[in-house]
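Chemist: Based on what follows, work out the 3D shape:
(one chain, ligands or ions: 1)
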Amino acid sequence: MQRTLSIIKPDAVKKGVIGKIASRFETNGLRIAAMKKTQWSRREAEQFYAIHKERPFFADLVAFMTSGPIVAMVLEGDNAVAKNRELMGATDPKKAEKGTIRADFADSIDANAVHGSDSPENAANEIAQIFAGFEII
Ligand code: CMP
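Modeler: Numbers count the residues shown, from 1 in each chain. As a prediction, this is how the structure comes out:
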């Protein structure tokens, strides 16, 4: 059993597809162990994406992730990290496989509908930034 963090980004929240995206997880063996709708401050977004702070897209990423509400979820299941990444599809929706969340709901590499942790170590770190232990059930 493994945990990973999923974030439904501002573009997908604005489109009204929170339920459709959550349903992809639930129908593919990922249980929602915690769920929270919130809006990040610039400081929170910068902290969450600190591993990307030297990348040329960092400022745009922070601006986008603070542009509206997001929905964060802790997903739990066998191989949750890899399973979530498979369901999301490639970071760039133009390269995402048909039937993946990003192919179906994302518009661009910035407005790409969802974020998912890329390793169990980063998942633990990302989950701890958003959820208190008692909120994960
Ligand atoms: P995410 O999984 O949230 O992790 C970092 C985000 O930066 C990524 O999704 C994209 O939305 C965004 N991004 C913008 N440009 C790039 C790029 N060239 N490579 C990777 N991520 C990018």
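
Chemist: distance of residue 77 from the ligand?
Modeler: Note on residue 77: its distance to the ligand, by C-beta to the nearest ligand atom, to the nearest Å, is 19 Å. The C-beta positions use only the backbone N, C-alpha and C, and glycine is treated the same way.

Chemist: That residue touches residue 1, doesn't it?
Modeler: Yes - with contacts counted by C-beta atoms under 8 Å, residue 77 reaches residue 1, the gap being 7.0 Å.

Chemist: Get me the contact residues on this protein for the ligand.
Modeler: Contact residues, the chain versus the ligand (C-beta under 6 Å from any ligand atom): 52, 57, 61, 91, 109-110, 112, 115.

Chemist: In a markdown table: those, plus pLDDT.
Modeler: A markdown table is the format used below for the residues of the chain next to the ligand (pLDDT from 0 to 100):
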| residue | pLDDT |
| --- | --- |
| 52 | 97 |
| 57 | 98 |
| 61 | 98 |
| 91 | 98 |
| 109 | 98 |
| 110 | 96 |
| 112 | 98 |
| 115 | 98 |
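
Chemist: So which of the residues you listed wins on neighbours?
Modeler: Among the residues of the chain next to the ligand, the one with the most neighbours (other C-beta atoms under 10 Å) is residue 112, at 23 neighbours.

Chemist: got any ranges where the protein has weak pLDDT?
Modeler: Within the chain, no stretch has pLDDT under 70.

Chemist: Who has more neighbours out of residue 77 and residue 1?
Modeler: Set residue 77 next to residue 1 and count neighbours by other C-beta under 10 Å: residue 77 wins out with 18 against 8.

Chemist: any idea how far residue 95 is from the closest residue to the more buried one other than its chain neighbours?
Modeler: Excluding the flanking residues, the one nearest residue 77 by C-beta to C-beta, 6 or more residues apart in numbering is residue 30, at 4.5 Å. Noted for residue 30: a distance of 23 Å to residue 95, by C-beta to C-beta, to the nearest Å.
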